[in-house]
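[1] Generate a structure from the sequence data that follows.
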Amino acid sequence: MKTFLQRNGLRLFAAATILLWIKTYAAYLIEFKLGISNVIQVILLFINPLSSSLFFLGFALLFKRRGRKIALIGIHFLMSSLLYANIVYYRFFNDFITVPTLMQAKVNGGQLGDSVFSLMSPFDIFYFADTILLIILAMKLRKADEKAEKKPFKVIMAASIVVFLLNLGAAEIDRPELLSRTFDRNYLVKYLGAYNFTVYDIIQNTKSNSQRVFANSNDITEVENYMKATYDEPNPDYFGKAKGMNVVYISLESLQDFIINYKIDGKEVTPFLNSLVNEDSETLYFDHFYHQTGQGKTSDAEFMMDNSLYPLSQGSVFVNNAQNTYQSAPAILKQDGYTSAAFHGNYKTFWNRNEMFKAIGYDKFFDADYYDMSEGKTKNYGMKDKPFFKESMPLLTGLKQPFYSKFITLSNHFPFQMDSGDTEFPAGNFDDAVVDNYFQSAHYMDEAIEQFFTDLKKSGLYDNTVIVMYGDHYGISENHNKALEKVTGKEMTDYNNADMQQVPLFIHVPGIEGKTVSKYSGDVDVAPTLLHLLGKDTKNYLMSGSDILSKEHREVIPFRNGDFVSPEYYKIDGNCYAAPSGEPAVDSTKCENYSEQAKKELEVSDQIVNSDLLRFYNPPGFKKINPAEYDYTHPDKKNEEQQTKK
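    Now for the predicted structure:
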């Protein structure tokens, strides 16, 4: 072997392959939680970096002499960078980077700095130490390897393919239909490896883009039949109870449900929100409500609230599918004379909102151009919540009624650090800075919400306005489970981790009887619930959600990765658990039936979004949105542009 490597100039190639292989395997064990449950998975996890290391590094063998070494080191560095980018991304999102994610980074670039740097560690230099070692080896092997002329490119490529096919075959034995049935990237990385997953993702993204090109009006029929068969009749006790009222949505950034009624040092973290649960006579509080976001996080939650369709399995609809036709709640309500507006203390291009809001049909978009963005009033991704709500009130009261509006809060965002003077609420004491900061940040947001409610009452809007508040996604990831176990007093099993995806949902409706609703529900259920309260029947619209207040409400709640929760069973990472005990299910037949139902819902929604099928569907009385009719330029800037043109 030594003679073969030396004769063919492969010593440096062998070193690069082994270093990348072992480093990647070490990263799997140290950085990622892939749920290894049997011997086959242990073996596959060790083997899967080999095929991709051989394959990608093998392209360096197409070069001669010094060019081969430069290419080898360059490819090794690029693969190391991809691995490290996934590591940093996973530390917060518990997910892997996809092609659409990179598109999101391009759109949101420059505004993610604080969050990214907080996820890095000085010890991360380890992930590039082998590249430095490779450069040293290249210098030492300079004479011997540069004389080698043979390029066994075909042999190395064949070896990589053989290893991959053996890997894939073993993966299919342990997880049948891996490439066609799973929604979960953890599975793909566990079985195929991080680099092979990237190749798979590129192929899938290309396939998804082609779906829209080849879709036609015939494709909508099956989707329409399925959704109309799963439509739930509205509850007559609630239907139309808010007819003609204004609507205010508030996205509660990163707020998880465990925070409700939680105390630190005997003090309530969210006293105002608690009062809506415990004392308010006109607020519905949903205590088994789960976020269903994917990689788009806040933007995914917005998408579901407006459209009752699931987000993408990869990337964000806001970035990837802003060109689609949508039949959103703001557009539906235009039939009844509603004006729509979005309020956001950041610039309109963040998450591509300036384009997506036009496709959804928002008449107005009040972004950072309408607010005082001076240093003391901003943090993280934009304006602090208190000045944001205060400065929004004149804009809100100036809207023509009835209106449909949404407010996107920002302060309670990872890493949850507060500026001096913003709050005197104590931090937690759970030996984890992120978790400890979370309680202060959540308390600040609670105070901002209370201030906004007070201003709504003073303005006269409160008694004629439905207020919907929802946690947009989790705030504390599974990487902080050790501290969360101290916070909750529970072991963070897969079952309990699923329950940690509960976020609060409040719907305040003047004139109704407030109560706690314990039905299992998720983001896609909110739009039909709200529209039915407003007296708009959704039976002619293609919505994935189910009216939570309906007597027929469906309580199987899919997550974007294909898992689900329900009152009877949870399915997490391929395993079924009985609810509410959390013990493994004895008879999983019904659980598997629920799993098929969850996957079907995701597949139907994906068909609509990926193929842009709503362009072929025309509900009675609905006027199609024309994005070209909307302009979100601030009047002052518009005047400046006109003067410049003159």
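
[2] residue ranges of the strands in the stretch 451-600 of the chain, please?
    Secondary structure of the stretch 451-600 of the chain (DSSP state E, counting those that start in this stretch): strands at 465-471, 505-508, 515-517, 521-522, 557-558, 564-565, 569-572, 575-578.

[3] closest one to Asn610 among these?
    Proximity to Asn610 (C-beta to C-beta) singles out strand 557-558 among the strands of the stretch 451-600 of the chain, at 16.7 Å. (Each C-beta comes from the backbone N, C-alpha and C, glycine too.)

[4] Show me what that closest one is packed against.
    Under the contact definition 3 or more C-beta pairs under 8 Å, 6 or more residues apart in numbering; DSSP states H and E, strand 557-558 sits against strand 521-522, strand 564-565, helix 589-611.

[5] Give me the sheet partners of that strand and which way each runs.
    Based on DSSP bridges, the pairing partners of strand 557-558 within the sheet are strand 564-565 (antiparallel).

[6] Which residues does the strand it pairs with contact?
    If you take C-beta atoms under 8 Å, 6 or more residues apart in numbering as the criterion, strand 564-565 is touched by 290, 498-499, 501, 520, 556-559, 570-571, 579, 594-595, 598.

[7] that older thread, reformat the helices and strands packed on strand 557-558 as JSON lines; add distance to Asp631.
    Putting the helices and strands packed on strand 557-558 into JSON lines (distance: least, C-beta to C-beta, whole Å) gives the following:
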{"stretch": "strand 521-522", "distance to Asp631": "34"}
{"stretch": "strand 564-565", "distance to Asp631": "42"}
{"stretch": "helix 589-611", "distance to Asp631": "26"}
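
[8] Can I get those in a markdown table including mean pLDDT and distance to Lys23?
    Listed next are the helices and strands packed on strand 557-558 as a markdown table, based on pLDDT from 0 to 100; distance: least, C-beta to C-beta, whole Å:
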| stretch | mean pLDDT | distance to Lys23 |
| --- | --- | --- |
| strand 521-522 | 98 | 39 |
| strand 564-565 | 96 | 36 |
| helix 589-611 | 95 | 35 |
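
[9] which of these sits most buried?
    Of all the helices and strands packed on strand 557-558, strand 521-522 carries the top mean neighbour count, a mean of 28, counting by mean count of other C-beta atoms under 10 Å.

[10] what about Phe388, which SS state?
    Using DSSP: H, G, I helix; E, B strand; the rest coil, the structure places Phe388 in helix.

[11] just Ser251 next, same as before
    Going by three-state DSSP: Ser251 is strand.

[12] Next secondary structure after the helix-or-strand element of the chain with minimal mean pLDDT?
    Ranked by mean pLDDT, DSSP states H and E, the weakest helix or strand in the chain is helix 142-147, scoring a mean of 51. Remark: after helix 142-147, the chain's next helix or strand is helix 153-174, criterion DSSP states H and E.

[13] And the closest residue to Glu513 other than its chain neighbours, how far from Pro510?
    Excluding the flanking residues, the one nearest Glu513 by C-beta to C-beta, 6 or more residues apart in numbering is Ser281, at 6.9 Å. Going from Ser281 to Pro510 by C-beta to C-beta, to the nearest Å gives 10 Å.

[14] for Leu255, same thing?
    For Leu255, the distance to Pro510 - C-beta to C-beta - is 24 Å.

[15] Can you pick out the residue with more neighbours from those two?
    Leu255 (29 against 14; other C-beta atoms under 10 Å).

[16] quick one, what contacts that one?
    By C-beta under 8 Å, 6+ apart, the residues touching Leu255 are 412, 442, 445, 471-472, 475, 503-504.

[17] 6 Å instead, please
    By C-beta atoms under 6 Å, 6 or more residues apart in numbering, Leu255 lies in contact with Gly471.
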